[in-house]
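Novice: Structure, please.
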Amino acid sequence: MGVSQRVKNRFRRFLQRPGTTVDLAPLRKLLPQIEDRGSDLADLTDEELVEVAGGAKDFVEICAVGREAASRALGERPFDVQLLGAMSLLAGKVAEMATGEGKTLTAAVAAYGHVQQGNGPVHVLTINDYLARRDAQWMEPLYTRLGLTVGWVNESSTPEERRAAYACDVTYASVSEAGFDYLRDQLVTDIEDRVQPALSTAIVDEADSILIDEARVPMVLAGAVPGDQDPVHAAATLVKGLRPKRDYQVAEDGRSVQLTARGLATVEHRLGGVNLYADENTEQLSAVNVALHAHALLHRDVDYIVRNGAVELVDEMRGRVAQRRRWPDGLQAAVEAKEGLDATAEGEVLNTITVQAFIGRYRTVCGMTATAVHVGDQLREFFKLEVAVIPPNTPNVRADEPDRIYVSRAEKEEAMIAEIAKHHAAGRPVLIGTLDVKESESLALGLEAAGVPCVVLNAKNDEEEAAIIAEAGNHGAVTVSTQMAGRGVDIRLGGSDQADRERVAELGGLLVVGAGRHDSRRVDDQLRGRAGRQGDPGGSVFFVALEDNLVARHAADAVPASPKMRLEDGLVEDEQVDWAVEHAQRVAEGVNHEIHRNTWRYSVVIEQQRVALAERRERLLTTDVAGDLLRATYPDEMNEIDEETVNQAGRSIALYHLDRLWAEHLAEMSEVREGVHLRALGRLDPLDEFHRAAVPAFRKLVPEIEARTLATVEEIEELEDWTPEEAKLIRPSATWTYLVHDNPFGSELDRLIAAVGKRLTTEGR
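Specialist: Residues are numbered from 1 along each chain as shown. From the prediction side, this is the model:
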């Protein structure tokens, strides 16, 4: 089967209906038993309940004890549907539970159950530090009542605090902090310096976001490299002032840009008349291209914000600032140069692991989210996880209106402001979800001009956001935010104290207004789900313009030249246009899925190599194999030296060279990955070519570790008194962590896949 046919088949499978979900009937049968057991537990003292909790093993006992403990500790008695969710997590599934259905308490009962079943310690992985701390502190009385300990980790936690938190039965942490701790532990030279125990069970909150949207994000541990040069800053000056169309052309999809002949001549002249395409100027050409991408394609307050003298990236899936993120391949430095900022250190990559690979290190993985069914096939493909759809405790009565589609963005915004103003005048609370920071600020200005006061959330502070979003259900409140702002926080009618609940309910509850369709239906569904929690009244409506990026990029050819519309307000009423918008979203999802699959295929071999080398490193760290190597190679010399001295010296030297060679290997593989797409021009499979480079390179590592270790020993005059510094085995004086943000334009291969995928999906409609 050819490559194009395989791609086509994958897209067809992806565009089919989501896969089947887990049958809940066996779990429902346990609910009466849980209820009966709960009656017995109600008569126990707190001390007796703790004792019983320590012996619970099966689902019935775990859920009955968990329910009773929650009632006493939190004043909240889990509903049957929450227990169904907890049992699904105990069974290793992803539980789909609607917004406001109590996932935090559900996860706590499941965490207790996993500990009791011998699957501890349990890590509850969240999307940010704020939720990790909030949920751990919120659920602590419950864990205490169950006889368990709980801790939490955030970015500011010290090594001692991290070690103490991970020593608890249950630990809450953002997925990035847990991943960074894992990477740091992989480079310790003394086993006592580790902070994490062996990874056992992960309960993943917002599972679709972490397991799918964040899956291919590399977490990086970097070290200082002396004399780092930044050619991109110089290139940024060269492209400054270049004009679109005259000096460069931007592709229709907005993901690539190319110098025109005139633009190339201008840049070469500024460089002193060089030929940029000469072999000796390859690095300079690369820097110019990166700087041009930053100059022409990345936009402030859309793709990034500038705050406190630094460039902070905006996550396109969440529309919010992504903490500690960097674009790869010099793009970060190019944007910093564009904004006139000093380059921040990128450093040498000492170790790295993708979110997907890190989650895969846990023996048991389960999760929960409000939107899992749409990605059921991907969860099955990448994590072997099935989805259990948990029904709401109270039927959803939210009124979801059809999309309102307009030709231009101006018409869309005008209609949206009029709709918001109408409901605000009546006192109905409105939450508006925008696609980016810039749009939220523009819409806020339009609302202010129309006499509608509003609060704007620009996804810049999790804790402040949570407090503001919690009041979005107040009478007359108008809240403008990026689509994912405040995720994980309930919006209660009448505000957090529900003082005006009845008045707001009579007005129809919270109205959610979407300022455009997102590339993912899941994100739209998450936004809708902010209204109508736990049977509350509510409504939602999305406003779409045919000029929106989603439609323009993925369905421009599907929109009729003269769509049917109402003359009085420009509202499009054309079934073909309705279909085109849905089609654009399906294509975007298909393209993203294919890029995810492609990225993972390249990551698999590196992950296998990382695991193999980590096992070897563990032996070096915890045994005397390095000392044995020295004694076997130099029996006469080593017999005269204390055995423990030989072991320590051998261990220190071998670990240094292993870590050094792994960093070099990662750098080499990064270069291979960036350039391998060129092999496709010669009709070679890029993945096969990548493997042809990666496998032999890795095979050389182990013998090279031994060779460098012995070479270092031979250079040491007195092994008994030696220090790593004397042997020039100097580790980085400083290390730091960051996440590699997706290159917004993708690699050359990603762009090829996106183009092919779009064409094949369009052909198959």
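Novice: Remind me which helix or strand Asp578 belongs to.
Specialist: helix 575-622 (DSSP states H and E).
Novice: centre of the chain versus the next helix or strand after that helix, how much separation?
Specialist: Sequence order places helix 625-633 as the next helix or strand after helix 575-622, per DSSP H and E. Per CA atoms, centre = their mean, to the nearest Å, the displacement of helix 625-633 from the mean C-alpha position of its chain is 44 Å.
Novice: just stretch 665-681 next, same as before
Specialist: 24 Å.
Novice: what is the orientation angle of the helix holding Asp578 with helix 625-633?
Specialist: If you take axes from the mean of the first three to the mean of the last three CA atoms, to 10 degrees, helix 575-622 sits at 50 degrees to helix 625-633.
Novice: can you map out the helices along the stretch 151-300 of the chain?
Specialist: 159-166, 175-185, 207-208, 231-239, 261-270, 282-297 (DSSP state H, counting those that start in this stretch).
Novice: could I have the longest one exported to PDB, CA atoms only?
Specialist: Right, the one you point to is helix 282-297. Extracted in PDB, the C-alpha atoms of helix 282-297 (Å, rounded to 0.1, in the frame of the first residue of the first chain):
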ATOM      1  CA  THR A 282      23.800  27.300   5.200                       C
ATOM      2  CA  GLU A 283      23.600  28.400   8.900                       C
ATOM      3  CA  GLN A 284      23.100  32.000   7.900                       C
ATOM      4  CA  LEU A 285      20.300  31.000   5.500                       C
ATOM      5  CA  SER A 286      18.600  29.000   8.200                       C
ATOM      6  CA  ALA A 287      18.800  31.900  10.600                       C
ATOM      7  CA  VAL A 288      17.300  34.300   8.000                       C
ATOM      8  CA  ASN A 289      14.400  31.900   7.300                       C
ATOM      9  CA  VAL A 290      13.600  31.500  11.000                       C
ATOM     10  CA  ALA A 291      13.700  35.300  11.500                       C
ATOM     11  CA  LEU A 292      11.400  35.800   8.500                       C
ATOM     12  CA  HIS A 293       8.900  33.300  10.000                       C
ATOM     13  CA  ALA A 294       8.900  35.200  13.200                       C
ATOM     14  CA  HIS A 295       8.600  38.600  11.400                       C
ATOM     15  CA  ALA A 296       5.800  37.700   9.000                       C
ATOM     16  CA  LEU A 297       3.800  34.900  10.600                       C
END
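Novice: next SSE after that helix?
Specialist: Next along the chain after helix 282-297, taking DSSP H and E as the criterion, comes strand 304-307.
Novice: can you pull the buried residues of that following strand?
Specialist: For strand 304-307, a neighbour-count test (16 or more other CB atoms under 10 Å) marks 304-305 as buried. (Glycine included, C-beta is placed from N, CA and C.)
Novice: do stretch 527-538 as well
Specialist: When burial is assessed from 16+ other CB under 10 Å, stretch 527-538 yields the following buried residues: 527-534, 536-538.
Novice: So what touches it?
Specialist: 98-101, 370-371, 392-400, 431, 433, 472, 483-484, 490-493, 505, 508-512, 514, 518, 539-540 (CB atoms under 8 Å, 6 or more residues apart in numbering).
Novice: out of the residues you listed, which are inside strands?
Specialist: Taking DSSP state E, the ones among these that sit in strands are 399-400, 431, 433, 510-512, 514, 539-540.
Novice: Any of the residues you listed buried? List them.
Specialist: 400, 431, 433, 510-512, 514, 539-540.
Novice: Would you format these as CSV with distance to Val572 and pLDDT included?
Specialist: As requested, those are arranged in CSV below (distance: CB to CB, whole Å; pLDDT from 0 to 100):
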residue, distance to Val572, pLDDT
Asp400, 19, 96
Leu431, 25, 95
Gly433, 21, 92
Leu510, 27, 96
Leu511, 22, 97
Val512, 21, 96
Gly514, 16, 95
Gly539, 21, 97
Ser540, 19, 97
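Novice: hmm, back to that, emit the ChimeraX select command for whichever of the contacts of stretch 527-538 are buried.
Specialist: Buried residues within the contacts of stretch 527-538, by 16+ other CB under 10 Å, are selected in ChimeraX with:
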select :98,99,100,101,370,371,392,393,394,396,398,400,431,433,472,483,484,490,491,492,493,505,508,509,510,511,512,514,518,539,540
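Novice: With secondary structure as added columns, please give the buried residues of stretch 527-538 in TSV.
Specialist: Below are those laid out as TSV (DSSP: H, G, I helix; E, B strand; the rest coil):
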residue	secondary structure
Leu527	helix
Arg528	helix
Gly529	coil
Arg530	coil
Ala531	coil
Gly532	coil
Arg533	helix
Gln534	helix
Asp536	coil
Pro537	coil
Gly538	strand
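Novice: Specify which member of the residues you listed is nearest to Leu199.
Specialist: Gly529 (30.8 Å; CB to CB).
Novice: Against Arg72, how distant is the closest one?
Specialist: 30 Å (CB to CB, to the nearest Å).
Novice: and Val587, what pLDDT?
Specialist: Listed pLDDT for Val587 reads 92.
Novice: how deep is the closest residue to it other than its chain neighbours tucked in, by neighbour count?
Specialist: Closest residue in space to Val587, ignoring its immediate chain neighbours: His554 at 4.2 Å, by CB to CB, 6 or more residues apart in numbering. By other CB atoms under 10 Å, 26 other residues sit near His554.
Novice: Can you list the low-confidence ranges for the stretch 1-150 of the chain?
Specialist: 1-20 (pLDDT under 70).
Novice: if we go to 90?
Specialist: 1-21, 99-100, 127-128, 130 (pLDDT under 90).
Novice: Pretty sure the residue nearest to Val587 sits against Asn592.
Specialist: No. Assessed by CB atoms under 8 Å, His554 is found out of contact with Asn592, at 11.0 Å.
Novice: number of nearby residues for Thr106?
Specialist: The number of residues near Thr106, taken as other CB under 10 Å, comes to 27.
Novice: Over to Arg503?
Specialist: Using other CB under 10 Å: Arg503 sits among 14 other residues.
Novice: which ones are touching it?
Specialist: Arg503 neighbours (CB under 8 Å, 6+ apart): 427, 475, 494.
Novice: how close does the residue lying closest to the second one once chain neighbours are set aside get to Gly509?
Specialist: In space, and not counting its chain neighbours, His475 is closest to Asp500: 4.4 Å by CB to CB, 6+ apart. Here the criterion is CB to CB. By it, Asp500 lies 12 Å from Gly509.
Novice: Over to Thr171?
Specialist: From Thr171 to Gly509 the distance is 37 Å (CB to CB).
Novice: that older thread, turn the buried ones among the ones in strands among the contacts of stretch 527-538 into TSV, including distance to Tyr362.
Specialist: Below are these laid out as TSV (distance: CB to CB, whole Å):
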residue	distance to Tyr362
Asp400	36
Leu431	35
Gly433	32
Leu510	37
Leu511	40
Val512	35
Gly514	35
Gly539	40
Ser540	36
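Novice: Return the closest of these with respect to Ser652.
Specialist: Gly433 (54.1 Å).
Novice: hang on, isn't the closest one packed against Leu510?
Specialist: No. Applying CB under 8 Å as the test, Gly433 and Leu510 come out as separate, 12.0 Å apart.
Novice: distance of Tyr248 from His295?
Specialist: For Tyr248, the distance to His295 - CB to CB - is 8 Å.
Novice: Give me the common contacts of these two.
Specialist: Leu242.
Novice: just to revisit the earlier point, I'd like to check which residues are in contact with the residue nearest to Val587.
Specialist: By CB under 8 Å, 6+ apart, the neighbours of His554 are 583-585, 587-588, 591, 758.
Novice: again with Val115
Specialist: 121-122, 148, 169-170.
Novice: Assign it to one of the three secondary structure states.
Specialist: helix.
Novice: for the one 4 residues further on, same thing?
Specialist: Classification of Asn119 using three-state DSSP returns coil.
Novice: and of the contacts of Val115, the nearest to Glu35?
Specialist: Closest to Glu35, out of all of the contacts of Val115 and judged by CB to CB, is Leu148, at 23.7 Å.
Novice: What separation do you get for that closest one and Val456?
Specialist: 41 Å.
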